[in-house]
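S.K.: Build me a model:
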Amino acid sequence: MPTFVSHTPGRLADAAVRWENSCAGFGPPPPARLGGRRVRGGGLTGCGRTVTVAMLSRVGASDVQIRRAHPDDWITVRDLRLAALTDAPEAFAATLGRELGRTEPEWRARISAWPWFLAWRAGKPAGLVAIVPGQAGTGQAGTGQAGTGQDDQAAAKGECREWHLVSMWVNPTARGTGIADLLISEVIEHARVTGASRVTLWVALGNSRARAVYLRTGFAPTGKRQVYRRAGAADLDEEELARAIDALP
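M.R.: Next up is the predicted model:
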């Protein structure tokens, strides 16, 4: 079931945060108007998760909603993904040419296989992130094919020892608003409820803005580096970052 998170700026004293489980309607979720409450440590709670006031204070002038994508959102996921690869081709393992070649059934299958989370700002798609099962102890993404491999089978049952964050992107017009923090928060919460011990990711060397976001949200370098070979594009020099699920930023 999709999860909605909404923040109305300008009301941080009693910030409006809504956690709604509903499959009704795809596309932009409706604005939320459910009052949150301040808790010890300066956060807001709802459905067992915490969003910090510092995180929400960066959200811009319009409501932001975060929810899990449904296969019927495939056009939105595709368009955001293509925009990301056009904007920052050096930041992703995939290439624009490869993603352009995917069909509707392939996009629907990808969204069905593993969680994709969408960010909406002022009713328009503003960012996305996905997570795939990781091979515990290696920091590597799993097979990416549903039902294959031990971690894949566990994830299909709602359990996973480790998740790997991929495809993170926020529209340039929405950067610096806190959307990245909210997307990462949703990833961490999903990892927590599925019993994972940590979330890993690879970030390209030189991608200082993305690295700063990850460090700010509790990720830390593991000391591992790799060169990722891409067909038809330059190789990527990357470092691994990880965050333990019980660690707070």
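
S.K.: Select the longest strand from the chain.
M.R.: Among the elements of the chain assigned as strand by DSSP state E, the one spanning the most residues is strand 124-135.

S.K.: what's in contact with stretch 101-117?
M.R.: 66-71, 73-74, 77-78, 128-133, 144-146, 155, 167, 183, 186-187, 190 (Cβ atoms under 8 Å, 6 or more residues apart in numbering). Heads up, the C-betas are built off the backbone N, CA and C, glycines and all.

S.K.: Can you flag which of those belong to helices?
M.R.: Using DSSP state H, W74, V77, R78, A155, L183, E186, V187, H190 are the members of the contacts of stretch 101-117 that sit in helices.

S.K.: buried set for stretch 202-213?
M.R.: Going by neighbour count (16 or more other Cβ atoms under 10 Å), the buried part of stretch 202-213 is W202, V203, A204, N207, A210, R211, V213.

S.K.: Can I get those residues in a markdown table including secondary structure?
M.R.: A markdown table is the format used below for these (DSSP: H, G, I helix; E, B strand; the rest coil):
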| residue | secondary structure |
| --- | --- |
| W202 | strand |
| V203 | strand |
| A204 | strand |
| N207 | coil |
| A210 | helix |
| R211 | helix |
| V213 | helix |
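
S.K.: now the helices for this protein?
M.R.: Here the chain has its helices, by DSSP H, at 53-56, 74-87, 96-100, 104-113, 150-156, 179-193, 208-216.

S.K.: Would you tell me which of those gets closest to A231?
M.R.: Evaluated over the helices of the chain, closeness to A231 peaks at helix 96-100, with 7.9 Å, by Cβ to Cβ.

S.K.: ok, and what's touching that closest one?
M.R.: R78, R81, L82, L85, T86, P89, A231, G232.

S.K.: sorry, back to before: which helices and strands sit right next to the longest strand of the chain?
M.R.: Packed against strand 124-135 by the contact rule (3 or more Cβ pairs under 8 Å, 6 or more residues apart in numbering; DSSP states H and E) you find helix 74-87, strand 116-121, strand 140-141, helix 150-156, strand 162-170, helix 179-193, strand 198-204.

S.K.: let's go with 6 Å and repeat that
M.R.: helix 74-87, strand 116-121, helix 150-156, strand 162-170, helix 179-193 (3 or more Cβ pairs under 6 Å, 6 or more residues apart in numbering; DSSP states H and E).

S.K.: What's the local residue count around W74?
M.R.: Neighbours of W74 under the rule other Cβ atoms under 10 Å: 23.

S.K.: wait, what's in contact with it?
M.R.: By Cβ atoms under 6 Å, 6 or more residues apart in numbering, W74 lies in contact with W107, R108.
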